[in-house]
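*Asks:* build me a model:
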Amino acid sequence: EPEQAPAQEAFPREHVEESWRWFESVGKPRFWLAPMVGLSECSFRMLCRKYGAKMCHTEMIDAAGYARSENYRKQFPFHAEDRPLIVQLGGSNPDDIAAAAALAAPFCDGVELNIGCPQRCARKGGYGAYLMDRPELLERCVRALSQAVRAANPAAACLCKIRCFDEPHRTVSLAAMLVRAGCHCFTVHGRTRVQGGGKRTGRWPANWDWVREVKQAVPIPVVSNGNIR
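*Replies:* Residues are numbered from 1 along each chain as shown. Below is the predicted model:
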């Protein structure tokens with residue numbers, strides 16, 4: 001739409017083109033398997049691929065643990081047939097996120113920062129959806145992630161999974177900032193942090209209009225999350 005053109009022109013053209021080249025390189029997947037704690041291990045991902053999933057995520061992996069502990073990394077093995085694959089990291093320390101991304105990127109197609117987890121552990125650790133309240137730190141985290149992925153595997157992408165604010169313009173502004181920080185692809189969960197996760201999600205259907213607002217405002221691939229059963 002005409003009113004979106006000025007905002008999109010402000011994004012670096014080279015980055016936008018790079019984002020779409022990556023999306024095409026992984027087959028322009030339409031059906032994505034969302035990361036689920038305690039479920040999204042390799043055997044489950046391969047089962048879902050058998051039934052139509054075209055892109056799969058690991059469960060959220062603690063960036064600090066992955067960066068610092070070989071024993072922790074061994075809990076998340078990679079397999080050649082399990083591709084294309086996104087490794088999702090949780091954390092709020094840019095150095096840990098960069099170190100973990102550098103270790104994971106050579107074995108996957110992209111590394112994603114979790115900016116959507118609403119659980120108490122995320123609130124205590126200041127990561128997940130709680131990073132949305134700290135945009136300066138969030139920008140540093142995504143920039144560190146993007147640079148680490150680019151250095152470790154130029155063919156891989158930097159992804160972000162976000163939730164929404166009640167005011168769509170705030171979500172759009174956050175998304176635009178993350179594109180400029182280096183994000184190549186978004187997953188947008190059409191619920192707010194307060195609307196929670198797990199069993200509570202059924203109380204509040206995901207708002208796809210909020211997802212559409214982001215899609216129309218940023219010139220990179222956007223994946224919708226929520227209401228799929």
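*Asks:* and after the helix ranked longest in the chain, which helix or strand comes next?
*Replies:* The longest helix of the chain (DSSP state H) is helix 135-152. Heading C-terminal from helix 135-152, the first helix or strand you meet, by DSSP states H and E, is strand 157-162.
*Asks:* where do the helices of this structure begin and end?
*Replies:* 5-9, 13-25, 42-50, 63-68, 70-73, 94-104, 120-125, 135-152, 168-181, 208-217.
*Asks:* buried set for the second one?
*Replies:* This means helix 13-25. Buried positions in helix 13-25, judged by neighbour count with 16 or more other C-beta atoms under 10 Å: 15-16, 18-19, 22-23. Using the backbone N, CA and C atoms, a C-beta is placed for each residue, glycine as well.
*Asks:* tell me what that helix is packed against?
*Replies:* In terms of contacts (3 or more C-beta pairs under 8 Å, 6 or more residues apart in numbering; DSSP states H and E), helix 13-25 is packed against strand 185-189.
*Asks:* check the last one too.
*Replies:* Counting by 3+ C-beta pairs under 8 Å, 6+ apart, the packing neighbours recorded for helix 208-217 are helix 168-181, strand 185-189, strand 222-225.
*Asks:* give me the average confidence score over the second one.
*Replies:* It stands for strand 185-189. For strand 185-189, mean pLDDT is 95.
*Asks:* same thing with the longest one?
*Replies:* Here the mean pLDDT over helix 168-181 is 96, rounded to a whole number.
*Asks:* only C-alpha atoms, please: export that helix in CSV.
*Replies:* Output of helix 168-181 as CSV, limited to C-alpha atoms (Å, rounded to 0.1, in the frame of the first residue of the first chain):
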residue,chain,number,x,y,z
PRO,A,168,0.1,-2.6,16.5
HIS,A,169,2.3,0.4,15.8
ARG,A,170,4.6,-0.6,18.7
THR,A,171,5.0,-4.1,17.2
VAL,A,172,5.7,-2.6,13.8
SER,A,173,8.3,-0.2,15.2
LEU,A,174,10.0,-3.1,17.1
ALA,A,175,10.0,-5.2,13.9
ALA,A,176,11.6,-2.4,11.9
MET,A,177,14.3,-2.0,14.5
LEU,A,178,15.1,-5.7,14.3
VAL,A,179,15.3,-5.7,10.5
ARG,A,180,17.9,-2.9,10.7
ALA,A,181,19.7,-4.9,13.4
